[in-house]
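*Asks:* what follows is a predicted structure for the sequence shown.
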Amino acid sequence: SPAILDAHFPDRQEKVPGDYKPVPRSKAEAEFLGIGAGARTWLLEAAAAGAQRINVKMAEAVALAKITGPDEVDKALGVAAIHHRFAHGDLASLLNAGGNRTGLRTAAEDKSLTQGTAGWAGLGTTGAGDGTR
C-alpha cells in the first residue's frame, strides 16, 4: 500500500507537512515520475487520499504518455490531482476532455443555446374544445 512516511525521505532537513519529493523505488515508479510535475502531484495527492490501485493507474499513465505524449498526460494528471480524480478511467476521461473537440456548440452575444419558453406559453390555457390542452 502506498503511504507517505518521513522515513521515505531521509535527506529531508526541514519538515514541512505535505512538501515531499517522492523517491522512486522501481523502474515503473521512475517512469511515472518522469512524466512531470503533474505526475508527482498526482502521486502525492492520491496517496494522501488513500486511492486504490495506484500502481495500476501509474502504469496506465505511463502507457498513455507513450501514446499521446508526456506533456498532455502530465497536464491531465495535474488536473486530476487538483480535483481529486483518482478513479479508474479518470485520466483517460480528462485526456479526452482536454483534446481538440469537434462539434462544440457556442453562442454569440446575439444568439442563445437555451430552449426558450415557447413551450410554456400554452400552459393553463384550454384548447379549441377538443380537450387537448
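*Replies:* Cool, the structure landed.
*Asks:* state the distance from the nearest residue to Arg53 once chain neighbours are set aside to Ala28.
*Replies:* Of all residues not flanking Arg53 in the chain, His88 sits nearest, at 7.4 Å (CB to CB, 6 or more residues apart in numbering). To be clear about C-beta, it is placed using only N, CA and C from the backbone, and glycine gets the same treatment. As judged by CB to CB, to the nearest Å, His88 and Ala28 stand 18 Å apart.
*Asks:* repeat for Ile82
*Replies:* When distance is defined by CB to CB, Ile82 is 24 Å away from Ala28.
*Asks:* and for Lys75?
*Replies:* Applying CB to CB to Lys75 and Ala28 gives a distance of 21 Å.
*Asks:* the two - which one has more neighbours?
*Replies:* Just comparing Lys75 and Ala28: by other CB atoms under 10 Å the higher neighbour count belongs to Lys75, 17 against 13.
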